[in-house]
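*Asks:* my questions are about this predicted structure, shown below with the sequence.
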Amino acid sequence: MKELSVVIITWNSQQYITACMDALIQSVSAFNYQLFIVDNGSTDETLSILNNYLSHNTVLIKNKKNKGVAHARNQALQLVTTDKVLLLDIDTVVNEQAINELVAYIDTNTEVGICAPKLLSIDDDVQLSCRRFPSLRYKFYNLLASKNIFLKRNQSQFYMEQMKGNAPFEVEYVIGACQLIRKAALNQVGLLDEHIFYGPEDADLCLRMWNARWTVVYLPSVSIIHHYQQITRKNSFSVLTWKHAQALVYYFWKHKRF
């Protein structure tokens with residue numbers, strides 16, 4: 001029986017837990033799996049609901065406060081002993097086909113460090129989850145696109161045409177909502193950068209994978225549901241928005257990619 005580890009973070013996630021966990025447990029039933037859940041200081045009913053899913057193969061780590069995505073995931077990643085680990089957002093709903101094909105792909109393509117499926121909204125819209133690395137130019141296009149200016153240029157950061165097909169293809173990075181990672185590659189490039197509290201830790205990890213000669217691949221033939229909580233857009237002046245902005249500045253400075 002193949003082994004698989006799954007890492008999930010929760011933070012005031014009560015509305016997503018049941019759908020996420022029920023689908024996940026069913027989808028990995030053919031694996032000898034271990035589930036790591038890190039709660040980042042939830043104050044709603046998250047922990048109470050999670051109690052329904054605790055079992056011999058589940059590790060629950062409770063943080064007293066929100067320590068950010070990278071720190072929380074690293075707490076779990078340090079405990080992983082399997083050769084593959086799935087990073088999964090709590091607002092996703094996976095399925096058996098997607099999990100099986102991701103695992104099969106990374107098993108048969110030894111140069112792949114990270115692979116990811118297509119992400120669909122609950123309305124079946126394809127999300128732009130595979131992208132070119134962040135840059136000031138793309139951030140500027142994002143701002144203009146929100147005002148319906150430079151829409152075509154804004155799309156240049158995505159793989160619009162390739163996403164329409166079914167063949168796997170290499171991308172610069174995939175967002176962290178669902179990433180299957182080869183543990184050997186992670187051991188080589190290192191854990192998530194904890195200087196990044198909230199985004200773009202996913203781009204940073206993929207860039208380090210490429211620098212270490214591992215590839216990052218998007219599989220458009222399989223898909224999962226992703227509710228896509230973009231917290232920074234809900235409140236432009238929130239603490240998380242500020243932390244995200246700081247993280248972007250750090251990312252640009254770290255990699256000298258402007």
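*Replies:* Ah, there it is.

*Asks:* distance of the nearest residue to Ala247 once chain neighbours are set aside from Cys178?
*Replies:* Closest residue in space to Ala247, ignoring its immediate chain neighbours: Ile196 at 4.3 Å, by C-beta to C-beta, 6 or more residues apart in numbering. Quick note: C-beta positions are derived from backbone N, CA and C, even for glycine. Applying C-beta to C-beta, to the nearest Å, the value for Ile196 to Cys178 is 19 Å.

*Asks:* so where is the chain shaky, pLDDT-wise?
*Replies:* Per-residue confidence for the chain (pLDDT under 70) gives these ranges: 138-154, 229-237.

*Asks:* in it, which residue is closest to the centre?
*Replies:* Among the residues of the chain, Gly176 comes closest to the average C-alpha position under C-alpha atoms, centre = their mean, at 1.6 Å.

*Asks:* that residue belongs to a helix, doesn't it?
*Replies:* No. Counting by DSSP: H, G, I helix; E, B strand; the rest coil, Gly176 is not found in a helix; it is coil.

*Asks:* backbone torsions only: list them for it.
*Replies:* Geometry field for Gly176 lists phi and psi as phi -80, psi 10, criterion degrees, to the nearest 10.

*Asks:* now do the contacts for it.
*Replies:* Residues in contact with Gly176 (C-beta atoms under 8 Å, 6 or more residues apart in numbering) are 69, 87, 89, 201-202, 205.

*Asks:* how far away is it from Thr92?
*Replies:* Using C-beta to C-beta, one obtains 11 Å as the distance from Gly176 to Thr92.

*Asks:* and if you look at Thr108?
*Replies:* Counting by C-beta to C-beta, the gap from Thr108 to Thr92 is 24 Å.

*Asks:* looking at these two, which one has more neighbours?
*Replies:* When Thr108 and Thr92 are compared on other C-beta atoms under 10 Å, the one with more neighbours turns out to be Thr92, at 22 against 8.

*Asks:* ramachandran coordinates for the more buried one?
*Replies:* Dihedral angles of Thr92 (phi, psi; degrees, to the nearest 10) stand at phi -110, psi 160.

*Asks:* show me the contacts for the closest residue to it other than its chain neighbours.
*Replies:* In space, and not counting its chain neighbours, Thr92 is closest to His226: 5.0 Å by C-beta to C-beta, 6+ apart. Taking C-beta under 8 Å, 6+ apart as the criterion, His226 is in contact with 89, 91-93, 119-121, 127, 129, 177-178.

*Asks:* same check on Leu4?
*Replies:* Shown here is Leu4, whose contacts under the criterion C-beta under 8 Å, 6+ apart are 28, 31-34, 82, 84-86, 99, 103.

*Asks:* could you point out the longest strand of the protein?
*Replies:* Criterion DSSP state E: the longest strand present in the chain is strand 215-226.

*Asks:* and that strand, which residues are buried?
*Replies:* For strand 215-226, a neighbour-count test (16 or more other C-beta atoms under 10 Å) marks 215-220, 222-226 as buried.

*Asks:* need those in a markdown table (columns: distance to His244).
*Replies:* Formatted as a markdown table, the buried residues of strand 215-226 follow (distance: C-beta to C-beta, whole Å):
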| residue | distance to His244 |
| --- | --- |
| Thr215 | 27 |
| Val216 | 22 |
| Val217 | 26 |
| Tyr218 | 23 |
| Leu219 | 27 |
| Pro220 | 28 |
| Val222 | 29 |
| Ser223 | 26 |
| Ile224 | 24 |
| Ile225 | 24 |
| His226 | 18 |
